[in-house]
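Enquirer: Quick one, what's the 3D model for this:
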Amino acid sequence: MKVDLHIHTSYSDGAFSPEKVVDTALDAGLEAIAVTDHDNVLSYAIACDYAKDKPIEILPGVEINTIYKGYEVHILGYFMDLQNSDFQKLIKSQQQARIKQTKEIITLLGKKAGIKITYDSIVKQVAEGGSIGRPHIAKAITNAGGTASVIEAYNKYINDSSNVYVQRKTVSPFDAVEVIYDAGGIPVFAHPFDVDIADQLTKEMMNFGLRGLEVYHRKHSPAIIEYFSTLAEKYGLIITGGSDFHAPNPNNGTIIMGKNFVPEWIYDELIKEKRRMDLAK
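Expert: Have a look, this model is predicted:
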């Protein structure tokens, strides 16, 4: 089964609506996808409803953004009970942190950089109830004439060395893993190559319920794939993969979603793990 287990929609920092994501996935020949918006699960029901008469399976997913020892650590979750009270509290806490961070940055941009942007100019970039974040702030800065490009906005203002940037106060990766696991979900360490301490952190997160590593990712070279495949085997973790799709490739117009680097057996392993966890509980 051809799958992509890491896709973003307009409910976080993706360019496409859930409906367009489904259509794009079908065009790419995908048979199952997981919508994994940042700190948000609103797109799942919309995608499911749109896809109900189409030959594609929509899996419940999420990507929780955490910060640990200065590292951005992202935790993917699959098959959790989306109505679980602790999971809902986690999502609410993450959303509140995003709003607080954004408003603080807006204030500092005005005071220290003389760049006037509004909260509304950021919120309107996402679907109603969606997750706002750094990409939306950077775009608002550019739209207001503060920089010539989004990349320049990141380089000047959206980073820890900037005097107008405020780091988001997130839950820990351990909390994210534990809440997803306790909600019946499969917690997975997303694109671990981005985190220098991935080996030790993987081992530590296993104590809280970590069940997988995202080995196949568009940023992972064959050597990196082999490395994290070996690490997953060493710790008895399942292997997942996805494109981490946000938008069409701006360089050549191609769609990265559904690229053939995700092996078809990934889906089977994910389903087996969910069944195993359900039986264990």
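Enquirer: does I33 count as helix, strand or coil?
Expert: For I33, the assignment made with DSSP: H, G, I helix; E, B strand; the rest coil gives strand.
Enquirer: Make residue 1 into 2 and carry on from there
Expert: Noted, 2 is the first residue going forward, which turns the last one into I34.
Enquirer: for it, what are its contacts?
Expert: Contacts here follow C-beta atoms under 8 Å, 6 or more residues apart in numbering; on that basis I34 touches 4-6, 8, 22-23, 26, 48, 57-60. To be clear about C-beta, it is placed using only N, CA and C from the backbone, and glycine gets the same treatment.
Enquirer: give me that answer again for 6 Å
Expert: Applying C-beta atoms under 6 Å, 6 or more residues apart in numbering to I34 gives the contacts 5, 8, 26.
Enquirer: okay, now the closest residue to F229 other than its chain neighbours: neighbour count?
Expert: Leaving aside its sequence neighbours, F229 sits nearest to V216 (C-beta to C-beta, 6 or more residues apart in numbering; 4.5 Å). Residues lying near V216 (other C-beta atoms under 10 Å) number 28.
Enquirer: ok, now L238?
Expert: L238: 21 surrounding residues under other C-beta under 10 Å.
Enquirer: my guess is it meets G213, correct?
Expert: Yes - counting by C-beta atoms under 6 Å, L238 touches G213, with 5.2 Å between them.
Enquirer: helix or strand right after the helix or strand containing the residue nearest to F229?
Expert: Assigned by DSSP states H and E, V216 falls within strand 213-218. The first helix or strand that comes after strand 213-218 along the chain, using DSSP H and E, is helix 223-236.
Enquirer: Check the offset of that following helix from the chain's centre.
Expert: A distance of 21 Å separates the centroid of the chain from that of helix 223-236, by C-alpha atoms, centre = their mean, to the nearest Å.
Enquirer: Stretch 234-246 now?
Expert: When C-alpha coordinates are averaged (C-alpha atoms, centre = their mean), stretch 234-246 and its chain have centres 14 Å apart.
Enquirer: neighbouring contacts of it?
Expert: 5-8, 189, 213-217, 219, 233, 257-258, 260, 263, 267, 270, 274.
Enquirer: Then stretch 81-97?
Expert: Contacts for stretch 81-97 (C-beta under 6 Å, 6+ apart): 40, 42, 180-181, 184-186.
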